[in-house]
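*Asks:* sequence and computational prediction follow.
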Amino acid sequence: MKNESIQIVKILFKNPLSYFKLDTPQVYKNMTGIPIIVQDDKFIDFISIKEAEELELIDIIETESVGQLEVINKSDKQILIPFGMTVRGGKQDRTIWEPILLPIGGKQNIVSENPGTVKQKYTIPAKCVEQSRWNYTKSRGFKSSSTRLHPNVAFEAISAAGQGAVWDEIQSHRTEMNYALSVAPTQSYLEMTKESEKQTGDFVKHFKNIENQCGIAVFINGEFIGIEFYANPKVWKTMSKDILKAFSIEALRFKDKPKRKITEFHEALLKILGSLNFDYSTKEGIALGNVVEFKSDDNKWRGITLVHDKSIAQFYLVSKRGGYQERPRSSIQFQTVINQRYHV
């Protein structure tokens, strides 16, 4: 099954149109988004963590480990916690660094307070996105935020060994965006990105969801930088504003850079996807399915997917552009060495 999951991802790169179709590109300023519509036979029946929270069907719980949280599925539905989701609360804000599909039934049954019902608990991996806090300020529990990791931070998070690199990239983002020192004194990524919400909101409102849309491929300044889609159009609709906001941070980061003119975005996207060479690895998911990670031979692209029932629940691919510049370091463990790039 693990090898089969890798083959599914490889086929997608070799022949993307066998998996989805591309709609008319939408443009605002230096950002172009191509709506993605996944084929109906690839759909999976699940709800997003956001919908689950609204219906009070999920709990996210603090543990004593920075790198772990616990989740309880209180529903009779499958729930997707996507890669790049950030959660606020506890002793530190965190991000979930691999996609997780919680089943209706699970590994650990916890007797519910209500007779006749069962809760499902899983331990899930997390990374810190708030470096300078380890105490409770409000809730001891967590709630998902409307802030997704933007591509440069997400690139560093797609790794089992990248906490130091995630912090470095967040600090680099502070410098790039010229946030005042009074902003986010605990180095909270969520608090930093609040400062650009008006600008990112302007981008978001110019990109409209189309019927059955499941995702988006994004170009900034005429350069392809990333793609994200789901096997469920309802989940995309729930998550789309947060995802567009994350990509629009890239547009703000490079708004003054030279722009490359592209006349046919579909052709450019398909050509790039077909030309990338990846090293693949896979492992069993925390709950359902298999997680497939992949990075390009030149380490300029990274991606992560969750494959379940021969379909891709979440697909995420990004390139690294500028940001933190690597320097020798010995004081921080788990550092991932990254090649930087920005093409004009």
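*Replies:* Cool, the structure landed.

*Asks:* bridge partners for residue 281, pull those for me.
*Replies:* residue 293 (DSSP bridges).

*Asks:* what separates it from residue 159, distance-wise?
*Replies:* 11 Å (C-beta to C-beta, to the nearest Å). In short, each C-beta sits where N, CA and C put it, glycine included.

*Asks:* over to residue 195?
*Replies:* Residue 195 is 27 Å from residue 159, by C-beta to C-beta.

*Asks:* next: residue 77.
*Replies:* In terms of C-beta to C-beta, residue 77 sits 30 Å off from residue 159.

*Asks:* the more surrounded of residue 281 and residue 159?
*Replies:* residue 159 (19 against 13; other C-beta atoms under 10 Å).

*Asks:* contacts only, for the residue minimising distance to the centre of the chain.
*Replies:* By C-alpha atoms, centre = their mean, the chain has its centre lying nearest to residue 84, at 3.0 Å. Neighbouring residues of residue 84 by C-beta atoms under 8 Å, 6 or more residues apart in numbering: 95-97, 148-149, 154, 157, 246, 316.

*Asks:* what bridges to residue 26?
*Replies:* residue 33.

*Asks:* just checking, next helix/strand downstream of the host helix or strand of residue 250?
*Replies:* Here residue 250 sits within helix 233-253, counting by DSSP states H and E. Downstream of helix 233-253, the first helix or strand assigned by DSSP H and E is helix 265-275.

*Asks:* which non-adjacent residue is nearest residue 314?
*Replies:* Nearest non-adjacent residue to residue 314, counting by C-beta to C-beta, 6 or more residues apart in numbering: residue 99, 4.4 Å away.

*Asks:* wait, isn't that neighbour in contact with residue 79?
*Replies:* No - Residue 99 is beyond contact range of residue 79, at 11.5 Å (criterion: C-beta atoms under 8 Å).

*Asks:* quick one: residue 226 from residue 120, how far?
*Replies:* Counting by C-beta to C-beta, the gap from residue 226 to residue 120 is 32 Å.

*Asks:* and the two? which has more neighbours close in?
*Replies:* residue 226 (25 against 21).

*Asks:* skipping its backbone neighbours, what lies nearest that one in space?
*Replies:* Residue 226 sits nearest to residue 318 (C-beta to C-beta, 6+ apart), 3.9 Å away.

*Asks:* list the beta-bridge partners for the one you found.
*Replies:* residue 226, residue 302.
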